[in-house]
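J.: need a structure here:
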Amino acid sequence: MSEPITIERLERGLALLAYLIELDGPVHAPLFEKLERELEALRSREDTVVRAKRLLETYSGRNPCLSLPPPSE
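T.: As a prediction, this is how the structure comes out:
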């Protein structure tokens, strides 16, 4: 089974592709651009989760239905 795709893995892949582009020219540019798009999408999803949690935290005292559960140990 493969490792999950993370921001760190995408950044390492981009660094490797940048090196290959430096060596071989623009032949690797399409893959570089694809990884850039995937990195931006992953960052955007993570930002959305952070914003959603922040919003719930502001409502936790006002509406018990919207309160976050206690963190699991």
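J.: how about the helix ranked longest in the chain: buried residues?
T.: In the chain, taking DSSP state H as the definition, the longest helix is helix 29-59. Across helix 29-59, burial judged by 16 or more other Cβ atoms under 10 Å covers 32, 35, 39. Every residue, glycine included, has its C-beta placed from N, CA and C.
J.: which other helices and strands contact that helix?
T.: Packing contacts for helix 29-59, counted by 3 or more Cβ pairs under 8 Å, 6 or more residues apart in numbering; DSSP states H and E, involve helix 7-24.
J.: tell me what the helix it packs on is packed against?
T.: helix 29-59.
J.: run the angle between the helix it packs on and helix 7-24 for me.
T.: 160 degrees (axes from the mean of the first three to the mean of the last three Cα atoms, to 10 degrees).
J.: low-confidence ranges, the protein, go.
T.: For the chain, the stretches flagged by pLDDT under 70 are 1, 60-71, 73.
J.: how about stretch 40-58 as PDB, C-alpha atoms only?
T.: Extracted C-alpha coordinates of stretch 40-58, given in PDB (Å, rounded to 0.1, in the frame of the first residue of the first chain):
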ATOM      1  CA  GLU A  40      -2.600  24.000  -4.100                       C
ATOM      2  CA  ALA A  41      -5.800  21.800  -3.900                       C
ATOM      3  CA  LEU A  42      -4.500  20.000  -0.900                       C
ATOM      4  CA  ARG A  43      -3.600  23.300   0.900                       C
ATOM      5  CA  SER A  44      -7.000  24.700   0.000                       C
ATOM      6  CA  ARG A  45      -8.800  21.600   1.500                       C
ATOM      7  CA  GLU A  46      -6.700  21.900   4.700                       C
ATOM      8  CA  ASP A  47      -7.500  25.600   4.900                       C
ATOM      9  CA  THR A  48     -11.200  24.800   4.600                       C
ATOM     10  CA  VAL A  49     -11.000  22.300   7.500                       C
ATOM     11  CA  VAL A  50      -9.200  24.900   9.700                       C
ATOM     12  CA  ARG A  51     -11.800  27.500   8.900                       C
ATOM     13  CA  ALA A  52     -14.700  25.200   9.600                       C
ATOM     14  CA  LYS A  53     -13.200  24.200  13.000                       C
ATOM     15  CA  ARG A  54     -12.700  27.800  13.900                       C
ATOM     16  CA  LEU A  55     -16.300  28.600  13.000                       C
ATOM     17  CA  LEU A  56     -17.600  25.700  15.200                       C
ATOM     18  CA  GLU A  57     -15.500  26.900  18.100                       C
ATOM     19  CA  THR A  58     -17.200  30.300  18.000                       C
END
